[in-house]
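*Asks:* no FASTA, just this:
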Ligand code: PXP
């Protein structure tokens, strides 16, 4: 099965917001990434709106036909926004105001009762709902049990080179098939470390942001997206 690449364009908005203007426009970045072979666009509307803002989401929904994956925290406000916007997919992520990025997976098992109605409302609106979790069987089973269609495995510990993490990802990906969950993965992936994750056959989609936007400074966004797709395709073959 081919693997989809979702390009996370949050950090184009980070750069734009550094000067308070409109350039560089994350929507133009999304169009460029899609032309270069990205299969979808991921954006994270954080509660503090530090990068993507509400008007960005509205512009993306109006302008793009490619699948949009909206990352958000498990709050009533965010669920309301998602149901009004109706992106293709929503990925529920843990969010702490002080963190620089999403530091670990969501504790689905510990918050199952709060998450279950949110998953139900989003799913009823026709949105595919994903849980961003560590590759932990307890969290996988809890995600299936609350009705999520998809899990996205947090690859941060693997990307940091921690021992045993590729094995944990492999075991988790295998378990998704048994549980009837679609499997995605992301966080901290680069040209150098993406191959072994891309080779796991159950994983259908990778979401990659910071490295691609950073590397685009040197090579251009279209070139890095095309190269990432090639590396993923080679690992898959
Ligand atoms: N997937 C999810 C759910 C995320 O929260 C993030 C980071 O925003 C990513 C993927 C992409 O991580 P990175 O920017 O490190 O590639």
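*Replies:* Arrived safely, thanks for sending. As the structure is a computational prediction, the values presented were derived from the model and not from experiment. Numbering: from 1, shown residues only.

*Asks:* C-alpha from now on. contacts and neighbour counts both.
*Replies:* Fine.

*Asks:* retrieve the pLDDT associated with the residue most central in space within the chain.
*Replies:* For the chain, the residue nearest the mean C-alpha position is residue 207 (4.5 Å; C-alpha atoms, centre = their mean). Here, the pLDDT recorded for residue 207 equals 98.

*Asks:* contact partners for it?
*Replies:* Counting by C-alpha atoms under 8 Å, 6 or more residues apart in numbering, residue 207 touches 5, 6, 7, 8, 42, 184, 185, 186, 187.

*Asks:* just give me the closest of the residues you listed to the ligand.
*Replies:* Proximity of these to the ligand (C-alpha to the nearest ligand atom) peaks at residue 187, which lies at 3.4 Å.

*Asks:* and that closest one, how many residues sit next to it?
*Replies:* The number of residues packed near residue 187 is 23, by other C-alpha atoms under 10 Å.

*Asks:* what's the closest non-adjacent residue to residue 212?
*Replies:* Closest residue to residue 212 apart from its sequence neighbours, by C-alpha to C-alpha, 6 or more residues apart in numbering: residue 224 at 6.3 Å.

*Asks:* residue 215 is in contact with that neighbour, correct?
*Replies:* Yes: between residue 224 and residue 215 a contact is recorded at 6.9 Å, counting by C-alpha atoms under 8 Å.

*Asks:* between those two, tell me which one has more neighbours.
*Replies:* Each of residue 224 and residue 215 has its neighbours counted (other C-alpha under 10 Å); residue 224 has more, 22 against 16.

*Asks:* for the helix or strand harbouring the residue nearest to residue 212, buried residues please.
*Replies:* Taking DSSP states H and E as the definition, residue 224 sits inside helix 221-236. The neighbour-count check on helix 221-236 (16 or more other C-alpha atoms under 10 Å) flags 221-229, 231-233, 235-236 as buried.

*Asks:* same for that helix, what does it pack against?
*Replies:* helix 26-35, helix 194-198, helix 210-219 (3 or more C-alpha pairs under 8 Å, 6 or more residues apart in numbering; DSSP states H and E).

*Asks:* so which of those is nearest residue 1?
*Replies:* Nearest to residue 1, of all these, is helix 194-198, at 10.9 Å by C-alpha to C-alpha.
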